[in-house]
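Make a model of this:
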Amino acid sequence: MKIGGADTILRAVTNPLKDNYLLRGAWCAAAAAVMASCAHKPQTPTPEPTAPLPTAGIAAQPVAVLPLTLLAAEESLHWEAVLGERRAALAKSDSVIGALLSARAPEVTWVLPDELRRAARRAPGIAPNPDQMGSAILLHGTKQEPEMVPDPLRSELRTLAALAGGGRYALIPAGLVYRMTGGQTAAAELTVVMADVRTGRVGFRTVARGEGSDPWTALTRAVKSLTPGLP
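Numbers count the residues shown, from 1 in each chain. Below you'll find the model as predicted:
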């Protein structure tokens, strides 16, 4: 027996379900679109904090400090005149790094770039030129565990360290980069690596950061961040 109005009752029951289903589908599609758009928004990664130099493990030992060979600044800073000629800027950077290491970590016997150069000049044909050793290859590191210094840099480090005093470790400023931070300041990012010259193994890596209104103030603050706890 056919119940009168059955079609009307079924429509009254099923239409709201259909409408709710369509609404849920539309809502899910909109939510998915929002999530997808968020996923594609560029995000600036938070830099890792600067790790302090492991001076306790190298106290009273000679540690060679290689000269800086890579220095770059974003064009937006317009620091061409401030930095001056490349060789002079590298030499001034070496001076800032060496002076601060000696003053803030005197427990280590730092063998600074000028001493390495003198040692190299005493052994022509044997010792590598410290200013042409390709240390910038260590700027970005590798995924290898443990990270190793590649040849020929590894063998050059071993030779130079032996000629300059026989120390087992070398501190390598792999690169100095200046980036715009907004306003009147810029950030200095100094990548520092410490390696065992006998095995070639990298035992320490960090990026020292500091801000300033000029290159040398920013670099000074970056190097100071390697020895926290001091003014």
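
what ranges do the strands span in this protein?
For the chain, the strands defined by DSSP state E occupy 62-65, 71-73, 109-111, 169-182, 185-196, 202-212.

buried residues in the third one?
By that I understand strand 109-111. Going by neighbour count (16 or more other Cβ atoms under 10 Å), the buried part of strand 109-111 is Trp110, Val111. Every residue, glycine included, has its C-beta placed from N, CA and C.

now swap in the longest one and tell me
Under the neighbour-count criterion of 16+ other Cβ under 10 Å, strand 169-182 has Tyr169, Ala170, Leu171, Ile172, Pro173, Ala174, Gly175, Leu176, Val177, Tyr178, Arg179 buried.

Pairing partners for it, with directions?
If you go by DSSP bridges, strand 169-182 pairs up with strand 62-65 (parallel), strand 71-73 (parallel), strand 185-196 (antiparallel).

could you dump those strands to a markdown table with mean pLDDT and mean neighbour count?
Below are those laid out as a markdown table (pLDDT from 0 to 100; neighbours: other Cβ atoms under 10 Å):
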| stretch | mean pLDDT | mean neighbour count |
| --- | --- | --- |
| strand 62-65 | 96 | 23 |
| strand 71-73 | 96 | 18 |
| strand 185-196 | 97 | 22 |
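
could I get those strands as CSV with distance to Gln144?
What follows is these, written out as CSV (distance: least, Cβ to Cβ, whole Å):
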stretch, distance to Gln144
strand 62-65, 23
strand 71-73, 25
strand 185-196, 13
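
For Gly165, find the nearest of these.
For Gly165, the closest of the strands paired with strand 169-182 is strand 62-65, at 4.4 Å, according to Cβ to Cβ.

which residues touch the residue most central in space within the chain?
The residue lying closest to the centre of the chain (Cα atoms, centre = their mean) is Val207, at 3.9 Å. Val207 makes contacts with Pro47, Glu48, Thr50, Glu189, Leu190, Thr191, Val192, as judged by Cβ atoms under 8 Å, 6 or more residues apart in numbering.

For it, give its distance to Pro49.
To Pro49, Val207 is 9 Å away according to Cβ to Cβ, to the nearest Å.

So what sits opposite the closest residue to Ser102 other than its chain neighbours in the bridge?
Using Cβ to Cβ, 6 or more residues apart in numbering and skipping residues adjacent in sequence, the residue nearest Ser102 is Trp110, 5.7 Å away. Applying DSSP bridges to Trp110 gives these bridge partners: Val63.

Tell me, domain by domain, which residues of the protein belong where.
Domain assignment for the chain, taken from automatic domain parsing, gives 1-42, 55-224.

Would you mind finding the most buried of those?
Most buried of the domains of the chain, by mean neighbour count (mean count of other Cβ atoms under 10 Å): domain 55-224, with a mean of 17.

Retrieve the pLDDT associated with the residue nearest to Ser102.
Looking at Trp110, its pLDDT is 97.

So it sits against Ala60, correct?
No - if you go by Cβ atoms under 8 Å, Trp110 and Ala60 don't touch, sitting 11.8 Å apart.

could you pull out the helices for the chain?
All helices of the chain, identified by DSSP state H, fall at 6-39, 80-83, 86-104, 113-121, 153-163, 215-224.

comparing those, which gets the lowest mean pLDDT score?
helix 6-39 (a mean of 41).

This completes my enquiry, with thanks.
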